[in-house]
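In: Okay, structure incoming, though there's no sequence with it:
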């Protein structure tokens with residue numbers, strides 16, 4: 001017992017000596033803070049009830065977002081179509097749209113995506129790459145019904161397409177003004193990733209006016225001014241809805257930044273300012289009416305400003321060159337000018353200017369504010385089309401023309417000379433319709449005769465087709481491919 005007491009006493013004395021020595025070396029000061037004085041809590045954050053609630057928007061939006069399945073034949077140029085998207089999505093995107101059924105030309109392949117119902121009569125907006133070259137488009141609604149869809153029109157320059165199902169009183173989404181969308185605001189992405197129907201994810205808007213060069217191989221004049229979000233978007237979300245917390249459409253989900261093909265941080269959506277214009281044009285004209293300034297441009301940054309001796313100021317878009325007889329040159333804009341505003345709205349980048357111009361049609365007027373040698377100037381510009389005129393492009397508006405499933409346009413004078421064809425109607429683009437399903441006709445074909453009657457305009461072709469349909473007859477199309485002296489004939493029923 002004495003031994004134990006001696007051991008305890010020795011330990012106590014040793015402890016006291018250690019504490020005393022430490023106190024002599026490190027005297028206490030009033031700045032010392034005890035751990036108990038610092039608030040400590042778990043890292044989990046509980047939002048006050050009612051402060052942030054995604055449920056109302058999700059319930060409103062989900063019924064208006066559909067699942068789209070597009071069927072293609074094995075002769076479809078899949079690799080060519082997917083290349084620009086594969087560069088962006090990685091191998092996962094290509095695998096998602098893999099061919100099914102091997103190399104048997106009788107077997108089909110399918111692609112899957114999403115779409116947004118935009119009015120009660122069955123009009124649906126989606127991505128062009130979801131339904132491009134499809135022989136058949138099928139839409140699955142939230143009530144589990146499946147309906148065939150008709151392609152009304154496509155616009156590769158914005159990667160948008162408009163399709164329609166034969167139904168009424170459908171739930172649909174209203175479009176909000178994407179100009180009012182703010183970086184940092186909450187958004188929901190709704191779609192059908194990996195064939196998982198009605199999937200909702202949340203995130204914020206992380207940037208606006210983003211260009212990612214995904215459409216550079218799809219159209220000679222692409223329009224990219226995406227809304228960037230960190231809401232999870234995966235293959236199959238293409239064509240789905242990006243909405244605000246009021247359940248209003250602010251964009252159509254189009255792409256993701258990923259090396260694997262799956263979500264890795266950022267998604268991109270076409271803003272409704274562009275969507276609304278494209279949809280209106282496709283409904284009214286059958287094709288998009290693109291307006292052009294007729295200039296080559298680049299965003300003004302500090303390096304370019306220093307090189308050109310320009311005051312960077314608030315930035316703008318630098319005019320590198322102007323086209324002869326283009327809209328900008330006619331209005332007096334010159335190479336070296338810096339565009340700062342359009343109709344009173346500040347322009348700081350090329351995507352912003354592209355988005356603004358894409359919302360107008362040929363022959364519409366805009367007011368451009370620009371700098372020349374440091375002096376502010378204003379020009380009133382009458383916008384033109386790609387051919388350098390103020391005319392609106394004709395398109396297949398009638399039902400009989402829509403049955404063909406083609407984007408048709410009369411040959412311009414330049415095209416007639418280059419193709420060595422006196423007159424005709426060119427097939428710019430093929431999509432789901434009789435030409436693709438019943439013939440081997442290819443894009444670029446020029447229709448010169450229909451049922452042995454000479455064709456110079458789309459209206460003349462429409463008249464012949466309508467007469468044949470009224471008589472319950474078929475139609476024989478005759479024509480040529482540019483730089484090919486042979487004549488080709490294609491027959492189809494109406």
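Out: Perfect, thanks for sending it. These figures come from a predicted structure and were not determined experimentally.

In: hey, let's count contacts and neighbours off CA atoms from now on
Out: Will do.

In: now residue 158: how far from residue 457?
Out: Residue 158 sits 27 Å away from residue 457 when distances are taken as C-alpha to C-alpha, to the nearest Å.

In: ah, wrong one, I meant residue 431
Out: Using C-alpha to C-alpha, one gets 20 Å for the distance from residue 431 to residue 457.

In: The two: which has the busier surroundings?
Out: residue 431 (24 against 19; other C-alpha atoms under 10 Å).

In: who's in contact with the more buried one?
Out: For residue 431, the contacting residues are 132, 133, 134, 135, 151, 405, 406, taking C-alpha atoms under 8 Å, 6 or more residues apart in numbering as the criterion.

In: Could you single out the nearest of these to residue 301?
Out: The closest of the contacts of residue 431 to residue 301 turns out to be residue 132 (C-alpha to C-alpha; 37.0 Å).

In: what residues are up against that closest one?
Out: Taking C-alpha under 8 Å, 6+ apart as the criterion, residue 132 is in contact with residue 431.

In: for residue 173, same thing?
Out: Each residue near residue 173 by C-alpha under 8 Å, 6+ apart is listed here: 61, 64, 116, 117, 118, 119, 247, 248, 249.

In: cool, and residue 441?
Out: For residue 441, the contact set (C-alpha under 8 Å, 6+ apart) comprises 435, 490.

In: how much space is there between it and residue 424?
Out: Between residue 441 and residue 424 the computed distance is 15 Å (C-alpha to C-alpha).

In: elements contacting the strand ranked longest in the chain?
Out: In the chain, taking DSSP state E as the definition, the longest strand is strand 199-210. Helices and strands touching strand 199-210, by 3 or more C-alpha pairs under 8 Å, 6 or more residues apart in numbering; DSSP states H and E, are strand 186-191, strand 226-229, helix 350-358.

In: What strands line up against that strand, and which way round?
Out: Based on DSSP bridges, the strands next to strand 199-210 in the sheet, each with its direction, are strand 186-191 (antiparallel), strand 226-229 (antiparallel).

In: Tell me which of those strands lies nearest to residue 304.
Out: strand 226-229 (24.2 Å).

In: can you list contacts of whatever helix or strand comes next after that closest one?
Out: Once strand 226-229 ends, the next helix or strand along the chain (criterion: DSSP states H and E) is strand 241-243. Taking contacts as C-alpha under 8 Å, 6+ apart, the residues outside strand 241-243 that touch it are 61, 65, 115-116, 187-191, 249-253, 269.

In: can you pull out the strands in the stretch 351-494 of the chain?
Out: Assignment of strands within the stretch 351-494 of the chain using DSSP state E, counting those that start in this stretch yields the ranges 365-372, 375-382, 406-410, 425-430, 446-450, 453-454, 474-480, 488-493.

In: what's the least confident stretch among those?
Out: The minimum mean pLDDT among those belongs to strand 406-410 (a mean of 84).

In: For that one, name the packing helices and strands.
Out: strand 425-430, helix 458-470.

In: what sits against the residue positioned nearest the centre of the chain?
Out: The centre of the chain sits closest to residue 270, judged by C-alpha atoms, centre = their mean, with a distance of 4.0 Å. Shown in contact with residue 270 (C-alpha under 8 Å, 6+ apart): 158, 224, 225, 226, 227, 251, 252, 253, 254.

In: Among the residues you listed, name the buried ones.
Out: Applying 16 or more other C-alpha atoms under 10 Å to the contacts of residue 270, the neighbour count classes 158, 224, 225, 226, 227, 251, 252, 253, 254 as buried.

In: quick check, nearest of these to residue 235?
Out: If you rank the buried ones among the contacts of residue 270 by distance to residue 235 using C-alpha to C-alpha, residue 254 comes first, at 9.4 Å.

In: My reading is that the closest one lies in a helix. Confirm?
Out: No. Under the criterion used here (DSSP: H, G, I helix; E, B strand; the rest coil), residue 254 is strand, not part of a helix.

In: For the residue nearest to the centre of the chain, report the pLDDT, please.
Out: At residue 270, the model reports a pLDDT of 97.

In: quick one: it and residue 276, what's the gap?
Out: Relative to residue 276, and taking C-alpha to C-alpha, residue 270 is found at 10 Å.

In: now the helices for the chain?
Out: 2-25, 55-61, 78-89, 91-96, 128-131, 272-284, 302-308, 327-330, 350-358, 399-404, 413-419, 434-438, 458-470 (DSSP state H).

In: what sits against residue 379?
Out: Contacts for residue 379 (C-alpha under 8 Å, 6+ apart) come out as 331, 332, 333, 367, 368, 369.

In: and the nearest residue to the fifth one once chain neighbours are set aside, how many neighbours does it have?
Out: Think residue 368. Of all residues beyond its chain neighbours, the one nearest residue 368 is residue 342 (4.6 Å), with distances taken as C-alpha to C-alpha, 6 or more residues apart in numbering. One way to gauge burial is a neighbour count; for residue 342, by other C-alpha under 10 Å, it gives 19.

In: Over to residue 413?
Out: Counted by other C-alpha under 10 Å, the residues lying close to residue 413 total 12.

In: And residue 297, by the same measure?
Out: So residue 297, with other C-alpha under 10 Å, has 20 neighbours.

In: Also the one 3 residues further on?
Out: Each residue near residue 300 was counted by other C-alpha under 10 Å, and the total is 23.

In: domain assignment for this structure?
Out: Structurally, the chain divides into domains by automatic domain parsing as follows: 63-165, 178-284, 295-382, 399-493.

In: end-to-end on the first one?
Out: Its first and final residues considered, domain 63-165 spans 15 Å by C-alpha to C-alpha.

In: and what of the third one?
Out: Using C-alpha to C-alpha, one end of domain 295-382 lies 14 Å from the other.

In: what's the distance between that domain and the middle of its chain?
Out: For domain 295-382, the separation from the chain centroid amounts to 24 Å (computed by C-alpha atoms, centre = their mean, to the nearest Å).

In: Next: stretch 270-288.
Out: On C-alpha atoms, centre = their mean, the centre of stretch 270-288 falls 12 Å from the chain's centre.

In: that older thread, for residue 390, see how far away the residue nearest to the centre of the chain is.
Out: Note on residue 270: its distance to residue 390, by C-alpha to C-alpha, is 26 Å.

In: and if you look at residue 489?
Out: 34 Å.

In: Who has more neighbours out of those two?
Out: Set side by side, residue 489 and residue 390 show unequal neighbour counts under other C-alpha under 10 Å, the larger going to residue 390 at 18 against 14.
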